[in-house]
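Engineer: give the three-dimensional model of this entry:
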Amino acid sequence: MDSTPESPAKMSPLIEGEGFAESETDYSSIRGKMVMVSPNADEYELLRKQMLERLEAGNGEIIYDIGLGEDGRGLTEDEFTASVATLQSLVASERVSCMELRRWDCGTGLVGQYLLRTELDNNDFMEIRVAVVGNVDAGKSTLLGVLTHGELDNGRGFARQRLFRHKHEMESGRTSSVGNDILGFDNMGKVVNKPDHGTLDWVKICEKSSKVITFIDLAGHERYLKTTVFGMTGHAPDFGMLMVGANAGIVGMTKEHLGLALALSVPVFVVVTKIDMCPPNVLQDNLKLLIRILKSSGCRKVPVMVKNKDDVIVSATNFVSQRLCPIFQVSNVSGENLELLTMFLNLLKTRMPSHDDKPAEFQIDDTYSVPVSTLLVTTIGIKWISGGFGGWQTRQHYLKPRVCGYKK
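Structural biologist: Purely as a prediction, here's the structure:
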């Protein structure tokens, strides 16, 4: 077994159009890379239509390639500049933002990749749900506290205190319930989370964001396995973030949580934490074991070590379509490689298709009683509200609920 996984930079890029529905329009006339240099009126209209179709199929977000061709050659400086100008003209005619991800010289010319994202209304955004799993003391809550509040940990649990819901969690430092926190990105991929006196205003974050990452912070202790299973099954996560402590390695419930994600067909990426306090030889031994497990017949994953921005882009592009399992090595104290993880989260795409024309579907998140024998239910909407609320069945009778309130 190789000591290090294959670098994603060596892997073939995602084929243009892969993962998108078949179009009835004939785009053969704009298939070459040179059409972006100086398109005529008909070609320009086809390029615009193709871009909109890809955005719709990609739920409002795609990675647009410039200069990639079947001949393996790139573009000259002038040709590349003209192609970028064409792309900027295309997005300017629609409500689409354009951000350069990377530009490089392939040896025979310039090649670039750009993130196109549909500009949504202020009251709308794309939501990505990420379930955070891993053994106890792997640094799950600490990492979420650092990501969402933008402040590094002090090495003694400062960051995680903001996420705990119960007093006994603060005293023990261990999560026992399903927690939630969000990380918002604007159209240009910048984090919009701005804590006000240590707390986050979810309403303001959602108003400023075009994409919101909803973290589902799950318990790592074996005692709370049922709670973790409920969080994985009841919250319908798009992805799973498996946390592994660099000093402890694959211990405790790590394998069980990985197996749970695989059983639910949830794509998983791995974050190795505490690399600042782990001896290099111990870190390498734990990484070798992690890679061996991911490559085993039970997982059949392709682990890739993410070391730079190019690795992030290639991994995010191929994450859903292939059996990739990106591995990040981060430190919540020094902040090492946290920008790579944040960039990866910004590039993630939802796996759930949009069904705005169908009735709303809610999943019960929690139930509790208050005086006067009133049963209250909190739910999570996984489909767009489009026709009021129905009821649920108990003892052969349907009960009509009264909506006390809702928030986005």
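
Engineer: give me the element F230 is part of.
Structural biologist: In this assignment (DSSP states H and E), F230 forms part of helix 225-234.

Engineer: mind listing what's buried along that helix?
Structural biologist: L225, T227, T228, F230, G231, M232, G234 (16 or more other C-beta atoms under 10 Å). For glycine as for every other residue, the C-beta is placed from the backbone atoms N, C-alpha and C.

Engineer: just the CA trace of the very next helix or strand once past that helix, in CSV.
Structural biologist: Downstream of helix 225-234, the next assigned helix or strand under DSSP H and E is strand 239-245. What follows is strand 239-245, C-alpha atoms only, in CSV (Å, rounded to 0.1, in the frame of the first residue of the first chain):
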residue,chain,number,x,y,z
PHE,A,239,-22.5,15.0,3.0
GLY,A,240,-20.7,13.6,6.0
MET,A,241,-17.6,15.1,7.6
LEU,A,242,-15.7,12.4,9.5
MET,A,243,-13.5,13.8,12.1
VAL,A,244,-10.3,12.0,13.2
GLY,A,245,-7.9,13.1,15.9
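
Engineer: and the strands in the stretch 201-350 of the chain, which stretches?
Structural biologist: Assigned by DSSP state E, counting those that start in this stretch, the stretch 201-350 of the chain shows strands spanning 211-217, 239-245, 268-273, 302-305, 324-329.

Engineer: which other residues reach the last one?
Structural biologist: Here strand 324-329 makes contact (C-beta atoms under 8 Å, 6 or more residues apart in numbering) with 5, 8, 246, 268-272, 275, 283, 287, 290-291, 294, 299, 301-306, 311-312, 315-316, 318-319, 336-337, 340-341, 344.

Engineer: so for that strand, mean pLDDT?
Structural biologist: Taken as a whole, strand 324-329 has a mean pLDDT of 96.

Engineer: would you mind measuring from L324 to M126?
Structural biologist: 21 Å (C-beta to C-beta, to the nearest Å).

Engineer: just L110 next, same as before
Structural biologist: Where M126 is concerned, L110 sits at a distance of 30 Å (C-beta to C-beta).

Engineer: ok, E119 next?
Structural biologist: 11 Å.

Engineer: for the residue lying closest to T228 once chain neighbours are set aside, give me its contacts.
Structural biologist: Leaving aside its chain neighbours, T228 sits nearest to L218 (4.5 Å; criterion: C-beta to C-beta, 6 or more residues apart in numbering). When contacts are counted by C-beta under 8 Å, 6+ apart, L218 touches A131, V132, V133, K140, T175, V178, T227, T228, G231, M232, H257.

Engineer: give me the neighbour count for the closest residue to the third one other than its chain neighbours.
Structural biologist: Just to be clear, that refers to V133. Distances taken as C-beta to C-beta, 6+ apart place H257 nearest to V133, at 3.9 Å, with adjacent residues excluded. Number of residues near H257 (other C-beta atoms under 10 Å) recorded here: 26.

Engineer: one more: G259?
Structural biologist: 13.

Engineer: let's verify S83: helix, strand, or coil?
Structural biologist: When classified by DSSP: H, G, I helix; E, B strand; the rest coil, S83 comes out as helix.

Engineer: how many neighbouring residues does it have?
Structural biologist: The number of residues packed near S83 is 22, by other C-beta under 10 Å.

Engineer: ditto for T81
Structural biologist: T81: 13 surrounding residues under other C-beta under 10 Å.

Engineer: and it, what's its pLDDT?
Structural biologist: So, for T81, pLDDT stands at 95.

Engineer: equivalent analysis for the one 3 residues further on, please.
Structural biologist: According to the prediction, V84 has pLDDT 96.

Engineer: now swap in the one 4 residues further on and tell me
Structural biologist: According to the prediction, Q88 has pLDDT 95.

Engineer: can you check the one 3 residues further on too?
Structural biologist: pLDDT, the model's per-residue confidence, is 94 for V91.

Engineer: now the helix or strand where it lies: buried residues?
Structural biologist: If you go by DSSP H and E, V91 is part of helix 77-92. Neighbour-count burial for helix 77-92 flags E79, F80, A82, S83, V84, T86, L87, L90, V91 (criterion: 16+ other C-beta under 10 Å).

Engineer: contacts for that helix, please.
Structural biologist: Contacts of helix 77-92 (C-beta under 8 Å, 6+ apart): 33-34, 36-39, 44, 47-48, 51, 64, 66-67, 74-75, 96-98, 103, 109-110, 112, 114, 116.

Engineer: same check, this time on stretch 184-204
Structural biologist: 97, 99, 115, 117, 119, 125, 148-151, 162, 181-183, 205-206, 208-213, 342-343, 345-346, 407-408.

Engineer: sorry, back to before: next one: the helix holding V91 to chain centre, how far?
Structural biologist: Averaged C-alpha coordinates place helix 77-92 at 29 Å from its chain's average position (C-alpha atoms, centre = their mean, to the nearest Å).

Engineer: right, and the helix or strand after it?
Structural biologist: Downstream of helix 77-92 (by DSSP H and E), the next one is strand 96-105.
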